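Undergrad: here is a sequence with its predicted model. Questions after.
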Amino acid sequence: MRSEVVKADITVVGGGLAGVCAAVAAARLGRQVALVTNRPVLGGNSSSEVRVWVCGATAHGTNRYARETGIMGEMFVENQYRNPEGNPYLWDLVVMETVKAEPNIRLFLNTDVHEVEADGGEENRIIRSVTGWMMGSERRIRYESPYFLDCTGDGLIGFLAGARHRIGREAAHEYNEAWAPEAADDITLGSTLLFYTKDAGRPVKFVPPSFAKDITQTPIPMKRVIRSGDSGCHYWWIEWGGELDTVHDNERIRDELWSVIYGIWDYIKNSGQFDAENMTLEWVGSIPGKREYRRFVGDYVLNQNDVIGQRQFEDRIAFGGWSIDLHPPQGMYATESGSKHMHADGIYHIPYRSLYSANVTNLLFAGRNVSATHVAFGTTRVMATCAVMGEAAGSAAALCIAKGVTPRGLYELELDTLQQTLLRQDASIIGLANEDASDLARQAKVTASSSRTRIAVEKGSARYPLAHDAGILFPVEPSLGGLELLVDASQDTELTVELWDTGLPENYVPSSLVASVKVEVPAGEGTWVAVDGLNWEPERACNAFVVVRANEQVGLYLSEEPLTGVLSFERGAAPHAVAELEDHDASQPIVDWSMKKLVRRPFCFRVLSATAAYSPDKAVGGYKRPYGGPQLWASEPLAAGGEQWLELSWDGAVAAREVIVTWNDDVNEDLINLHHHRTPFEVIPELAKHYRLEARIGGAWITVSETRDNRRRTNRLRFDSPIVTDALRVVVEETNGAPCAELVEVRVYE
């Protein structure tokens, strides 16, 4: 046996997506990081060992403009390019290479940390070290750091250090939560094993093992959906253990899950009810994917009312958007639906105070063990949300070192520094603007070769019968002066058209009625009909939600040409989910108005007034995500062989050593690691493909950087020596398929 000591600025324990993003974030801010995990691969429940889809704020396309950015976003976009088939082993590589790219990270795989040295009183504990055993290498490794991050999921490090925590469900009166039980208990969400199948191309028999469960003697065939072609996360409902201890009873839970998996496969193969003669098992999991165990207590405990009320915390550092998704304690044996869901009207915000311990002074955490009630945990637990909290926690730890403060001290003294650092790193925060005094772009005059000033979708490709209410969302800045719709009508009729605001700038559902008009529609095909009376001058730039009420005599037109900032919706057109599996209240606006079938397929319409929503100054406007509008500069279409450019100019010379360019990667597009669904492209079309950076030096434009075959949202252009110039120009030569140049933000630093 070898004994070693590893010293680092920060030790991150846990190699799931929360731990990965925490380690990468801290490393990018210049800190030496030890990343320690007890598995041979990174990614946690998303890895090839467990194979769970990485879900997040998009909620499989339920939320709008909600895909994560920052480190998690980088992995989503890279996986889309490298791994369009959703191979779990290639996803492992994407995660591994994200870590390997950072020279400041020392990675320790197969290392199980189970010892913690901590001292101090109950209210001011401090961790001195953690110790782990590297399996297969006979190495006992002690990790010493001033700051530790518990990203283990089960919360073992904080528990051993004496961190305050909860297991189970809080009573309703504790946080006034409607979905909490009357009395507190120790019930949690259960664990799941998954299996994958494939068509062998020839008959394959299946002889079940002796321990396979006869599922016909359980409620499963009646209460759950079983199909021979499904595999992987389609069987998320193979869940059990919520009434047990999901850690100490882990082996018992695994055995029960195995018995049901092989029982289900026996049922599919041998009951005669399925076309499965050529089907065979390709893979069966052996590590239960845990959903819930310890939840730490921080300086704030996120609760149901914060999520549903979309509370805008002053210390918000990330967002989520998955529904509050709770499962029955009996799991797969329950006679009720496999899950019930409560949705906010959009994304919700996560406070920094939920990411550090209330009583261990140098402990931060991220993942499913953060400071949240059981009910709120029903949404924060999904992996992409865990990942963005990881990025925030890792960044906070790095800044604690830089500022010489505790995690609580960072909140009290340097909250603005944390938030502005996260924005600079393109982390997932909504509604906070860039106020970085060192960003020279904020003092620049911004001009462009052209800008989109007209909102119009005019090329129809398919008729859309108005059997249900339809919705069209678009930005209004500064005012709306009416619009036109492209319609068909089988006879002369009347159409009701309403104008609604969306309430919060981060929401995309109708909230308050602004105006309602009746429109005379003549019989005929492909007619542009003026909608008079929808004039609006809101107090600030915002999105309009236009509702076209159902009329069976009328059809709208869909286009196959998307327009950034424009979304289309249909109301109540199809069930949200399989009723036997998921219980979604259809009256919730985010469920009632669906865009899933209309992504990148806007209705044909045109706004009669000019818009400033895509003006050049949006590239330095402070917002890096859609917020009351698209918040980006968009040019007119690039002509064949032509270019479009955005220019920053200053009254005097500046010395630019770093230029950060953030392109539009369409955060409305729902990406997923193992491809619950597919997109028709491997690179987001709106991303700039070929571009160059020019500097005006001595009155002449000189190319100082050229980028080819870009497929990333954020490009950091660093120079060995500063470029002294009075103007910079980003010149877009070609996109990855979109007709216009679309630039979210430019930053310039000395």
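TA: Arrived safely.
Undergrad: helices and strands of this structure: which one has the lowest mean pLDDT?
TA: Least confident helix or strand, the chain: strand 582-584 with a mean of 69, by mean pLDDT, DSSP states H and E.
Undergrad: where in the stretch 501-650 of the chain is pLDDT low?
TA: 573-582 (pLDDT under 70).
Undergrad: which stretches of the stretch 301-450 of the chain have low pLDDT?
TA: The model of the stretch 301-450 of the chain has no residue with pLDDT under 70.
Undergrad: could you pull out the strands for it?
TA: For the stretch 301-450 of the chain, applying DSSP state E, counting those that start in this stretch gives strands covering 316-320, 324-326, 339-342, 348-351, 363-365, 445-448.
Undergrad: could I get these as TSV with mean neighbour count and distance to S512?
TA: In this view, the C-beta of every residue, glycine as well, is placed from N, C-alpha and C. Formatted as TSV, those follow (neighbours: other Cβ atoms under 10 Å; distance: least, Cβ to Cβ, whole Å):
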stretch	mean neighbour count	distance to S512
strand 316-320	27	23
strand 324-326	21	25
strand 339-342	20	22
strand 348-351	26	20
strand 363-365	32	39
strand 445-448	17	33
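Undergrad: M135: which of the ones you listed is closest?
TA: Among these, the nearest to M135 by Cβ to Cβ is strand 363-365 (24.0 Å).
Undergrad: what helices and strands are in contact with that closest one?
TA: Counting contacts by 3 or more Cβ pairs under 8 Å, 6 or more residues apart in numbering; DSSP states H and E, strand 363-365 packs against strand 147-150, helix 156-161, helix 383-403.
Undergrad: and the longest strand anywhere in the chain, which strands flank it?
TA: When the chain is parsed with DSSP state E, its longest strand is strand 714-735. Strand 714-735 has its sheet partners listed here by DSSP bridges as strand 644-663 (antiparallel), strand 688-697 (antiparallel).
Undergrad: domains for this protein, by residue range?
TA: For the chain, the structural domains run 2-170+292-424, 191-284, 440-450+614-749, 456-607, going by automatic domain parsing.
Undergrad: list the buried residues for the longest strand of the chain?
TA: By neighbour count with 16 or more other Cβ atoms under 10 Å, strand 714-735 contains the buried residues 714-715, 717, 723, 725-735.
Undergrad: helix or strand next in line after it, which one?
TA: Heading C-terminal from strand 714-735, the first helix or strand you meet, by DSSP states H and E, is strand 740-749.
Undergrad: from the contact counts, what lies against that next one?
TA: strand 633-637, strand 644-663, strand 688-697, strand 714-735.
Undergrad: so for it, mean pLDDT?
TA: Throughout strand 740-749, pLDDT has a mean value of 98.
Undergrad: could you give the number of residues near H60?
TA: Number of residues near H60 (other Cβ atoms under 10 Å) recorded here: 16.
Undergrad: wait, it touches D670, no?
TA: Yes: contact criterion Cβ atoms under 8 Å: H60 and D670 qualify, at 6.4 Å.
Undergrad: one step back: looking at the strands paired with strand 714-735, spot the one closest to I430.
TA: The nearest among these, by Cβ to Cβ, is strand 644-663 at 14.8 Å.
Undergrad: follow-up on the earlier one: okay, angle between the longest strand of the chain and strand 740-749 too, please.
TA: Orientation of strand 714-735 against strand 740-749 (axes from the mean of the first three to the mean of the last three Cα atoms, to 10 degrees) gives an angle of 150 degrees.
Undergrad: three-state assignment of V529?
TA: Three-state call for V529 (DSSP: H, G, I helix; E, B strand; the rest coil): strand.
Undergrad: bridged to it, which residues?
TA: Beta-bridge partners of V529, as defined by DSSP bridges: L485.
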